[in-house]
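> Output the structure for:
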Amino acid sequence: SKWLLPYVEQAIEAGGHSLYGVLHGKAPVAFVDMTSAAAHFFNVNTPAAYRLALGRAMNLERRVPVVSVTAMHSNSGKTTFIERLLPFLAERGLRAGVVKSDVHALKLDAEGTDSFRFMEAGAQAVAVVSDGQLLLLQRTQREKDLLAAAQRMQEVDLVFIESRAHGAAPRLEILPEGESLLRPENELAALVSSGGRKCAGLLQFSAEDTEAAYAVVCFLIGREDGSDRLFTLD
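Numbering: from 1, shown residues only. Just a heads-up that it's a prediction; the model follows:
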């Protein structure tokens, strides 16, 4: 409110730059105890924190939140990173899906099965439902957008998109020792680094640090778990 302006000006003249310092004991305001919802509040006062917050904001607009895992080259550890994280998430009640791009022709069904015969006969889509499983084969006019495919998944809390170049933000990039970044720093939410390289504007953690990965993923999908550790990472 504009009536706070004199209090702000006084604080600036005195060398103070804290909003709490401006209000506390000076302006007539009411303070509300929000400690029970502390995980909903976080500081965005560094480039690294801003990029995390931006990724979280993007996911809050989606039906299904996504986290892309990228790297400059194949065999850089993308699959291993996701594979290590999946059981950790499942143990904590988070259901995760995975979308992966493949440059080769996709062939999931075995020749001779009824579903294979239906597709060969010209069916646009075939679904096979069994106890606890669903397989859907769908023809498309072109390669399906990975984010669109992620948003079609059902009964999941988040989806990992594994792709070298086509994943959607927010992105975690795997950076092995001696490799270069695939994307500019300002397009990444965090860096999974096994080497000694440091990027000042990014949150960084080791690919083996599953708890750190869990905290980052939870933050990016709007969950509270692990957020108390998130901004203490190097």
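
> which other helices and strands contact the helix or strand encompassing residue 215?
Residue 215 is part of helix 210-220 when elements are defined by DSSP states H and E. Secondary-structure packing of helix 210-220 (3 or more C-beta pairs under 8 Å, 6 or more residues apart in numbering; DSSP states H and E): helix 47-60, helix 78-91, strand 203-205, helix 227-230. Placement of C-beta: from N, CA and C, glycine included.

> redo that, cut-off 6 Å
Packing partners of helix 210-220 (3 or more C-beta pairs under 6 Å, 6 or more residues apart in numbering; DSSP states H and E): helix 78-91, helix 227-230.

> Any chance you could list what contacts the first one?
Put plainly, it is helix 78-91. Contacts to helix 78-91, defined as C-beta atoms under 6 Å, 6 or more residues apart in numbering, come from residues 69, 71, 96, 160, 162, 174, 207, 210, 213-214.

> In strands only, show me the residues you listed.
69, 96, 160, 162, 174 (DSSP state E).

> Hmm, the third one is touching residue 100, no?
No - here residue 160 lies out of contact with residue 100, judged by C-beta atoms under 6 Å, at a distance of 8.7 Å.

> Give me the more crowded residue out of the two.
residue 160 (26 against 14; other C-beta atoms under 10 Å).

> could you check the distance from the more buried one over to residue 66?
Counting by C-beta to C-beta, to the nearest Å, the gap from residue 160 to residue 66 is 7 Å.

> How about residue 122?
33 Å.

> And for residue 42?
Counting by C-beta to C-beta - residue 42 and residue 66 are separated by 21 Å.

> In terms of neighbours, single out the busier of these two.
Using other C-beta under 10 Å as the criterion, residue 42 and residue 66 rank with residue 66 on top: 26 against 15.

> list the contacts for that one?
Applying C-beta under 6 Å, 6+ apart, the residues near residue 66 are 150, 159, 161, 168.

> now do residue 14
Residue 14 neighbours (C-beta under 6 Å, 6+ apart): none.

> How confident was the prediction at residue 47?
On pLDDT, residue 47 comes in at 87.

> what's the answer for residue 232, then?
Reading off the model, residue 232 has pLDDT 51.

> quick one on the thing from earlier: report the two of the contacts of residue 66 separated the most.
159 and 168 (9.8 Å; C-beta to C-beta).

> higher neighbour count, these two?
Remark: of residue 159 and residue 168, residue 159 carries more neighbours, 25 against 21, as counted by other C-beta under 10 Å.
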